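>>> no sequence on this one, just coordinates:
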């Protein structure tokens, strides 16, 4: 089967090939064909070749590596009350970052222009080989269910005003971003994508928990992120549990796990106890400072999540459970509660070798996952081939 220039770049980018001889061996192409395709990639600035590498003490003359400075991708992890933005090179290295606070439930007309403007400032402040480079794409994560094909949210009850809103026009407000493609993902799925550059390099089957204001679950099976039909896989926070019977959820239903274990519910519990906190991050801060009540609430949340998570573990048999989100910042306390329920409720076989670990990128996981999503799209073989034709 004929391998295109994009296919060759994919082999280089993923580390399966580092020289022209590797590319010939893996593709079966002739020396002439490989040379032609690699030359096209080099002319487009997407790879560095032997002579360029030798001058920097890199690979030998036949070497071929991805030119990570050929451009950048943008990332925006949009949350209920805070959004993170960042710029990454083509190798997934973070070059610049910032966070933007906003009122809970703020709509896209307020969040997106601020995020895009800040990204433009971050790009303008880049130095060295990345300065002035092209923007290949942008990854955005949103809470709730999204339609990746259309690049819109289709069900985000906690983010009013976002459903069915096209985000590309906001990017076009900056001249340098006109025509840049946008890729939209669910926040838990994006968290799982960040682990493809972390724990998933060693384990092919993972469950990735996002424990924050809400509760979500990303699924990696045989190395692939599984989103399910209509992208609604992993909505663990809206599983009905007996303990929450009759309690109203922010999604508009009643009896959801989030009403007794989500960060927003814990904040409400603190307020009822006469200790108002503004956000689950504040509750986590108290726990990190040793506050016994805050630690107890977080451990209890972990136990309640673990009751439902045990079912997913029995069904999917992951190698590891990764815990991310704001509550993961107090990992030992929260994970202790999760373990307590999981090991009591899941089968002995499913938990025999199960590991429970914190998210690789901590509170940066959202933007890292957004960048990974964008890079997977803009550097996929068909996209690279289309870029070369242009």
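Ah, there it is. All values reported here derive from a predicted model rather than from experimental measurement. Residues are numbered from 1 along each chain as shown.

>>> Run through the stretch 1-150 of the chain and note the low-pLDDT ranges.
Along the stretch 1-150 of the chain, segments meeting pLDDT under 70 span 1-2, 51-61.

>>> residue boundaries of the helices in it?
For the stretch 1-150 of the chain, applying DSSP state H, counting those that start in this stretch gives helices covering 5-13, 20-27, 31-43, 50-54, 108-124.

>>> With mean neighbour count as new columns, can those be given to me in CSV?
The C-beta positions use only the backbone N, C-alpha and C, and glycine is treated the same way. Listed next are the helices of the stretch 1-150 of the chain as CSV, based on neighbours: other CB atoms under 10 Å:
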stretch, mean neighbour count
helix 5-13, 22
helix 20-27, 18
helix 31-43, 16
helix 50-54, 14
helix 108-124, 18
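
>>> Can I get these in JSON lines including distance to residue 164?
Below are the helices of the stretch 1-150 of the chain laid out as JSON lines (distance: least, CB to CB, whole Å):
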{"stretch": "helix 5-13", "distance to residue 164": "32"}
{"stretch": "helix 20-27", "distance to residue 164": "43"}
{"stretch": "helix 31-43", "distance to residue 164": "38"}
{"stretch": "helix 50-54", "distance to residue 164": "47"}
{"stretch": "helix 108-124", "distance to residue 164": "11"}
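
>>> so which of those comes closest to residue 357?
Proximity of the helices of the stretch 1-150 of the chain to residue 357 was assessed by CB to CB; the nearest stretch is helix 5-13, lying at 26.2 Å.

>>> From the contact counts, what lies against the closest one?
helix 20-27, helix 31-43, strand 64-66, helix 381-389 (3 or more CB pairs under 8 Å, 6 or more residues apart in numbering; DSSP states H and E).

>>> Adding distance to residue 210, write the ones you listed out as TSV.
Shown next, in TSV, are those (distance: least, CB to CB, whole Å):
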stretch	distance to residue 210
helix 20-27	37
helix 31-43	37
strand 64-66	30
helix 381-389	28
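
>>> And the ones you listed: which comes nearest residue 331?
Taking CB to CB, strand 64-66 is the member of those nearest to residue 331, at 33.3 Å.

>>> I would like the residues contacting the closest one, please.
Strand 64-66 is contacted from outside by 9, 12-13, 17-20, 23, 38, 46-50, 53, 58-59, 90-91, using CB atoms under 8 Å, 6 or more residues apart in numbering.
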